[in-house]
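>>> just to be clear, the model below is a prediction. Sequence and coordinates:
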Amino acid sequence: MLEDCKIRAFLTVVEEGSFTRAARRLGVTQPAVSAQIASLEAAVGQSLFERGTTLSLTPSGELFLQYARRIQDAYDLTNAAFL
């Protein structure tokens, strides 16, 4: 199941280029962000990040990014309409 917090964690890691910086921005621990990403990767059955000296998206991660942005946009529009 894809959940809002996992999509948000994924997008924040992409934007920050780091699990640690993403965790700071989200106000959670780095292990919490890592767990959300691991759960997301398990749900989609693909590795989304290449983890090495630098963090980068896999080809599957690049594709998922396009969908994640659309999903986040839909969440934002829904929140704006009803909250």
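Yes, it's here.

>>> how much space separates the residue most central in space within the chain from Asp4?
Geometric centre of the chain, nearest residue: Phe10, 0.7 Å, by C-alpha atoms, centre = their mean. Distance of Phe10 to Asp4, computed by C-beta to C-beta, to the nearest Å: 11 Å. Heads up, the C-betas are built off the backbone N, CA and C, glycines and all.

>>> anything in contact with each of those two?
Counting by C-beta atoms under 8 Å, 6 or more residues apart in numbering, Phe10 and Asp4 have no contacts in common.

>>> give the buried residues for whichever strand or helix holds the residue nearest to the centre of the chain.
Under the criterion of DSSP states H and E, Phe10 resides in helix 4-16. By neighbour count on 16 or more other C-beta atoms under 10 Å, the buried set for helix 4-16 is 6-14, 16.

>>> cool, stretch 68-83 as well?
68, 71.

>>> show the average pLDDT along it.
Averaged across stretch 68-83, the pLDDT comes to 89.

>>> same thing with stretch 26-41?
97.

>>> which residues of the chain fall in helices?
Applying DSSP state H to the chain gives helices spanning 4-16, 19-26, 30-44, 59-82.

>>> on that earlier part again, list the contacts of the helix holding Phe10.
Taking C-beta under 8 Å, 6+ apart as the rule, helix 4-16 contacts 19, 22, 25-26, 33, 36-37, 39-40, 43, 48-49, 55, 57, 64-65, 68-69, 71-72, 75.

>>> go with 6 Å
19, 22, 25-26, 33, 36, 40, 68, 71-72, 75 (C-beta atoms under 6 Å, 6 or more residues apart in numbering).

>>> again, but for stretch 43-63
By C-beta under 6 Å, 6+ apart, stretch 43-63 touches 17, 41, 64.
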